[in-house]
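Please work out how this folds:
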Amino acid sequence: MNIPKISTFNFSEQIGSNFQRTNNMYQNYGLRLSSPISCDTVSFGSKKTALKGIEKAAKQVCERTNKTVNAEDKKHGATYALAKEVHDYATLRHKKVVRFFENIFKDLVATEKEPNNPILKIGDRVKSADSIHGKSRARHWSDFDTIVDKMEDINGLKIVLNKGVTKAETDSILDRLISYINSGALELLEVENKRPWAVHGLPENKAGKYDYASVNKLRKLIDIQSGLWNSKKNSAKYADALARLNKCKEETLTKDMKEGNNYSAVHFIFRLPGKNPTKFELQVIGSEVDKVKHVDDVVWKYLDGKNAPAKYNPIRPMIEEMTQEENISARKEFDRYRADLFLSQREKELSLADVDKNVRKRVDTEHFTTVKDYNLTPEYDFNQIKKDIEKCDYRAAISKKNLAEANKAKKMQNKNQKSEILVFDFIRRMEDAQDLRRAKSSQKA
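Predicted coordinates for the structure are as follows:
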């Protein structure tokens with residue numbers, strides 16, 4: 001069977017040649033790829049100054065990575081027991097969030113019968129107790145109510161778009177949310193239209209090409225929610241929320257190209273109102289970008305000195321080598337490679353939009369750009385790291401299965417032992433009864 005294969009993608013004309021693209025992307029680029037946005041957009045300086053800035057940033061990353069939790073964090077942060085309590089609470093409320101969104105989008109999710117539906121899948125997760133513990137300490141949130149209120153991404157959903165979905169199709173997906181916002185069943189708190197730092201400085205019509213949703217659609221969602229809150233008699237109660245949405249409208253719909261961001265996505269913070277309101281994060285992202293982000297999420301945690309799940313420990317030493325001060329040049333090259341990966345994956349999605357829907361699903365897009373054009377050793381190739389992560393996942397699944405089977409066997413053993421005790425007790429009781437009857441017979445005689 002002839003299956004089309006996309007092996008190479010050239011960057012769009014507006015990004016320029018490889019040399020121009022490197023200048024666009026890495027002057028003053030910084031080294032906090034995939035991290036939470038932590039600083040304002042900076043303007044371009046000279047290349048010499050920019051490279052010094054990169055090395056300085058790399059040193060800061062190395063220093064931050066090697067630091068332990070400071071005394072102030074320990075003093076003011078949540079205990080692990082409290083983090084576990086928050087996690088358990090969020091887990092109970094998570095089912096409500098998942099059911100709510102499944103009902104909204106269930107007919108748009110791709111199935112075996114309808115493989116071309118615009119949503120490939122809807123993922124969900126609850127932030128782990130470890131992650132809640134670390135973040136609460138960093139922010140000095142030490143009580144239950146504060147953590148639940150301010151840590152708005154404890155519950156998370158992710159809409160992964162199908163191959164080649166257009167901006168118009170994404171807008172139609174978001175249209176589903178309007179009736180729920182209008183009815184008051186859903187409240188919009190924040191919107192971030194994330195753009196790669198590589199498109200910084202481009203005109204809006206060119207930078208906007210990399211968006212998943214149209215800016216007009218995102219503005220419409222904000223306007224609807226703002227209008228509802230303004231129309232309420234107690235609108236003053238929503239003053240802070242309105243100011244937050246207005247800031248999103250002015251700043252993050254067309255200007256969210258911060259140093260810390262290197263991929264395209266739309267992030268929302270929503271709230272399900274009610275007696276116990278539940279805040280949650282919703283991310284909209286393309287299937288090809290999501291593949292790289294799945295790998296990069298593990299990589300970034302080790303680069304930033306955070307803990308990834310223990311099952312990924314086999315790859316930890318290799319990634320953490322990049323955080324050593326003597327490896328600043330390699331780290332800079334690795335970050336350049338990671339940024340290029342995200343951009344090339346988005347280019348794949350844009351290219352697939354022009355391909356017939358019935359052909360898209362047969363296009364091979366599983367392989368990432370390799371490190372052959374970068375000054376990196378093969379183990380840092382994301383194709384290899386992806387395989388390593390999959391091996392870790394497989395080993396963890398086998399261990400979990402073995403543990404489940406061991407627990408099942410132990411439970412069965414305990415059940416058998418209990419049965420044996422019951423049988424023994426029954427026999428003993430029968431023997432006692434028989435002895436009692438014999439004693440009574442002897443007395444009568």
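
What are the boundaries of the strands in the stretch 51-200 of the chain?
119-126, 155-161, 187-194 (DSSP state E, counting those that start in this stretch).

among those strands, which is nearest Glu112?
strand 119-126 (12.9 Å; CB to CB). All C-beta spots, glycine's among them, are computed from the backbone N, C-alpha and C.

could I have the closest one exported to CSV, CA atoms only?
Provided in CSV are the C-alpha atoms of strand 119-126 (Å, rounded to 0.1, in the frame of the first residue of the first chain):
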residue,chain,number,x,y,z
ILE,A,119,-11.2,16.7,17.5
LEU,A,120,-8.7,13.8,17.6
LYS,A,121,-9.2,13.3,21.3
ILE,A,122,-10.0,15.0,24.6
GLY,A,123,-7.4,14.4,27.3
ASP,A,124,-7.7,15.2,31.0
ARG,A,125,-5.5,15.1,34.1
VAL,A,126,-5.5,16.1,37.8
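
Need phi/psi at the nearest residue to Arg395 once chain neighbours are set aside.
In this structure, Arg395 finds its nearest non-sequential neighbour in Lys311, 7.0 Å apart by CB to CB, 6 or more residues apart in numbering. Main-chain torsions, Lys311, degrees, to the nearest 10: phi -60, psi -20.

what's near enough to touch Lys311?
Cys392, Asp393, Arg395, Ala396 (CB atoms under 8 Å, 6 or more residues apart in numbering).

The third one sits in which helix or strand?
If I follow you right, that is Arg395. helix 382-444 (DSSP states H and E).

what about that helix, average pLDDT?
The average of the pLDDT scores along helix 382-444 is 77.

Give me the helices and strands touching it, please.
Where contact means 3 or more CB pairs under 8 Å, 6 or more residues apart in numbering; DSSP states H and E, helix 382-444 is packed against helix 287-303, helix 328-352.

and the helix or strand just after the first one, how far from the chain's centre?
Taking DSSP H and E as the definition, the helix or strand that follows helix 287-303 towards the C-terminus is helix 316-320. A distance of 21 Å separates the C-alpha centroid of helix 316-320 from that of its chain, computed with CA atoms, centre = their mean, to the nearest Å.

okay, the helices and strands packed on helix 382-444 in TSV with mean pLDDT, mean neighbour count and distance to Ile224 next?
Below are these laid out as TSV (pLDDT from 0 to 100; neighbours: other CB atoms under 10 Å; distance: least, CB to CB, whole Å):
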stretch	mean pLDDT	mean neighbour count	distance to Ile224
helix 287-303	94	21	28
helix 328-352	92	21	28
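
if we can go back for a sec, let's have the strands of the stretch 51-200 of the chain in a markdown table, adding mean neighbour count.
Formatted as a markdown table, those follow (neighbours: other CB atoms under 10 Å):
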| stretch | mean neighbour count |
| --- | --- |
| strand 119-126 | 17 |
| strand 155-161 | 22 |
| strand 187-194 | 21 |
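
Would you mind giving those as a markdown table with distance to Thr370 and mean pLDDT added?
Shown next, in a markdown table, are these (distance: least, CB to CB, whole Å; pLDDT from 0 to 100):
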| stretch | distance to Thr370 | mean pLDDT |
| --- | --- | --- |
| strand 119-126 | 25 | 95 |
| strand 155-161 | 24 | 97 |
| strand 187-194 | 26 | 94 |
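
Tell me which of these lies nearest to Ala168.
Per CB to CB, nearest to Ala168 of the strands of the stretch 51-200 of the chain: strand 155-161, 12.2 Å.

Can you check the distance spanned by stretch 293-311, start to finish?
18 Å (CA to CA, to the nearest Å).

I'd like the distance from that stretch to the chain centre, please.
Using CA atoms, centre = their mean, the offset of stretch 293-311 from its chain centre is 11 Å.

shaky segments in the stretch 201-350 of the chain?
In the predicted model, the stretch 201-350 of the chain carries pLDDT under 70 at residues 255-261.

make it 90
201-208, 232-237, 249-262, 274-276, 304-309 (pLDDT under 90).

What of the stretch 1-150 of the chain?
1-78, 130-131, 134, 138.

again, 80 this time
1-77 (pLDDT under 80).
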